[in-house]
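Participant: With the sequence up front, the predicted model follows.
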Amino acid sequence: MKSNKEALKITGLISLYLEDWAPKKISENQGTLDNHRYALGLYFEFLETEKGVSTHNLSHKHFESPIIEEWKIWLQQGKHKCGPATVNNRISSLRAFVSYLGNQDIAWIYLREKARDISALKVPKRHVSGISEHGVEVLFSQIDLSTQIGRRDAALFITQYDTACRISELLTLTIGHTYLEGEHPYIWVNGKGNKNRPCHLNRRSADHLSRYIAEFHGPHPGSKDLVFFSPFAEKGTRRLTTDAVDKRLTGYALKANQSCSEVPADLTSHQLRHARATHLVVNHQINILAISKMLGHEQIETTMRYLDFTAEDKARAFAALDAKQVDNKAKIEKRWLNNDGSLKELCRPRARKN
């Protein structure tokens, strides 16, 4: 079947949008760009399977709001079973493309205006279920280090727990942004708003990550290669998805939950980041300002809302911060855990130097 001119024009614009316009106008962050690409892929899957649309008959009318509203329902009720927050993210990505499309032809401007009226789903506020330090210990003990995939998972989850970085930041980390030698190893991540920050690692975690890189990347890895990558593409080239990582973590959590109720059976990587920050402040009295910087938050109030704090915890954290300021200690102490133990030792504080 011969493609019509409009279908050819739109398919060409899709490529330009993903490869040129989005990296310049939306974000340079590869994780963000991958999310946009994935959302568009889901929309085209919907058009193909539910509407019989192909690259031969695609038209601007397939981006009108009534069809997008149908896609919203398909995302929730179809095989993907997306929650409200995920649906809203997908809509946001599609809205950006439709807006771009509307700027390419004067006859399509109405698409841009109509896309703005597509309503977001109401997202219920959800309390983040906590996991104790002992729970983390039990969770990590479920990982089988005798297998290659187990060693990959161990390096991934140990690094995330130690640094409390977002899983999206870790999945876009490249070899050239790992600094694992010396007394103070760290990784350099690209976070929200395309802002970069260092995430420090304790020696034990750095050693896990170094061994993983040596095994999975070989002696001469490329500086631009992804540290954690999909096994279904050329080494270091394709990003793992957050969904795939959370599926692995939930598998370990289900096993751990059978022997330890302190591990939520539906644990996600976001909860692991949340737990680490809470453990450092509540259990180990780490300065809240240091934790805020560690998490990549610009405001301490954001960190307070984020953490699993009681009113007493908040008062204690602010009191500790005030005491630091009164003492005029401008340098915030960084205390990174686990220097010389096994996986479970990640949960234990390292002895402080006198």
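Facilitator: Noted; the coordinates are in hand.
Participant: Please enumerate the helices of the stretch 151-300 of the chain.
Facilitator: Counting by DSSP state H, counting those that start in this stretch, one finds helices in the stretch 151-300 of the chain at the ranges 167-171, 203-217, 242-259, 269-278, 288-295, 300-306.
Participant: now the last one, how far from the chain's geometric center?
Facilitator: Taking the mean of its C-alpha atoms, helix 300-306 sits 19 Å from the chain's own mean (Cα atoms, centre = their mean, to the nearest Å).
Participant: What is the burial count for residue 102?
Facilitator: Neighbours of residue 102 under the rule other Cβ atoms under 10 Å: 20. For every residue, glycine as well, the C-beta is placed using N, CA and C.
Participant: Excluding chain neighbours, what is closest to it?
Facilitator: Leaving aside its chain neighbours, residue 102 sits nearest to residue 112 (3.0 Å; criterion: Cβ to Cβ, 6 or more residues apart in numbering).
Participant: picking up where we left off before, tell me which of the helices of the stretch 151-300 of the chain sits most buried.
Facilitator: Ranked by mean neighbour count, the helices of the stretch 151-300 of the chain are led by helix 167-171 with a mean of 23 (mean count of other Cβ atoms under 10 Å).
Participant: can you list the residues that contact that one?
Facilitator: By Cβ atoms under 8 Å, 6 or more residues apart in numbering, the surrounding residues in contact with helix 167-171 are 31, 156, 159-160, 163, 189-191, 199, 226-228, 239-242, 245-246, 269-270, 273, 296.
Participant: could you redo the last one with a cut-off of 6 Å?
Facilitator: Surrounding helix 167-171, the residues in contact under the criterion Cβ atoms under 6 Å, 6 or more residues apart in numbering are 31, 160, 189, 191, 228, 239, 240, 242, 245, 269.
Participant: most neighbours, which of these?
Facilitator: residue 160 (25 neighbours).
Participant: Report the contact partners of that residue.
Facilitator: Applying Cβ under 6 Å, 6+ apart, we find residue 160 in contact with 170, 272.
Participant: repeat that with 7 Å
Facilitator: By Cβ atoms under 7 Å, 6 or more residues apart in numbering, the contact list for residue 160 reads 167, 170, 269, 272, 273.
Participant: Most widely separated two among these?
Facilitator: Pairwise distances across the contacts of residue 160 (Cβ to Cβ) peak at 10.7 Å, for the pair 170 and 272.
Participant: picking up where we left off before, tell me which helix or strand the residue nearest to residue 102 sits in.
Facilitator: helix 109-115 (DSSP states H and E).
Participant: Return that helix as CSV; C-alpha atoms alone will do.
Facilitator: Once non-C-alpha atoms are left out, helix 109-115 reads as follows in CSV (Å, rounded to 0.1, in the frame of the first residue of the first chain):
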residue,chain,number,x,y,z
ILE,A,109,-2.9,24.5,15.0
TYR,A,110,-6.2,23.5,16.5
LEU,A,111,-4.6,20.2,17.6
ARG,A,112,-2.2,22.1,19.9
GLU,A,113,-5.1,24.1,21.5
LYS,A,114,-7.3,21.0,21.9
ALA,A,115,-4.5,19.0,23.5
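Participant: Show me what it is packed up against.
Facilitator: For helix 109-115, the packing partners by 3 or more Cβ pairs under 7 Å, 6 or more residues apart in numbering; DSSP states H and E come out as helix 84-102.
Participant: Figure out how far the helix it packs on is from the centre of its chain.
Facilitator: 19 Å.
Participant: ditto for stretch 136-154
Facilitator: Centre-to-centre, stretch 136-154 and its host chain are 20 Å apart (Cα atoms, centre = their mean).
Participant: Number the chain from 30, please
Facilitator: All right, first residue 30 from here; so that's stretch 165-183.
Participant: Okay, buried residues for that stretch please.
Facilitator: Under the neighbour-count criterion of 16 or more other Cβ atoms under 10 Å, stretch 165-183 has 165, 166, 167, 168, 169, 171, 172, 180, 181, 182, 183 buried.
Participant: Now flag whichever of those residues is closest to residue 86.
Facilitator: Set against residue 86, the nearest of the buried residues of stretch 165-183 by Cβ to Cβ is residue 181 (42.8 Å).
Participant: Hmm, the closest one is touching residue 244, no?
Facilitator: No: the pair residue 181 / residue 244 is not scored as a contact, 8.5 Å apart, by Cβ atoms under 7 Å.
Participant: chain center to the longest helix seen in the chain, what's the gap?
Facilitator: The helix that spans the most residues within the chain, counting by DSSP state H, is helix 59-80. Computed by Cα atoms, centre = their mean, the chain-centroid distance of helix 59-80 equals 18 Å.
Participant: what's the answer for stretch 45-63, then?
Facilitator: With Cα atoms, centre = their mean, you get 17 Å for stretch 45-63.
Participant: Quick one: mean pLDDT for that stretch?
Facilitator: Regarding stretch 45-63, the rounded mean pLDDT is 85.
Participant: buried set for it?
Facilitator: By 16+ other Cβ under 10 Å, the buried positions in stretch 45-63 come out as 46, 51, 52, 55, 56, 58, 59, 60, 61, 62, 63.
Participant: Also stretch 120-127?
Facilitator: By 16+ other Cβ under 10 Å, the buried positions in stretch 120-127 come out as 120, 122, 123, 124, 125, 126, 127.
Participant: Surely the fourth one and residue 143 touch.
Facilitator: What that stands for is residue 124. No: counting by Cβ under 7 Å, residue 143 is not a contact partner of residue 124; they are 10.1 Å apart.
Participant: these two touch, right, residue 167 and residue 290?
Facilitator: No: in this structure, residue 167 is not within contact of residue 290 by Cβ under 7 Å, at 10.0 Å.
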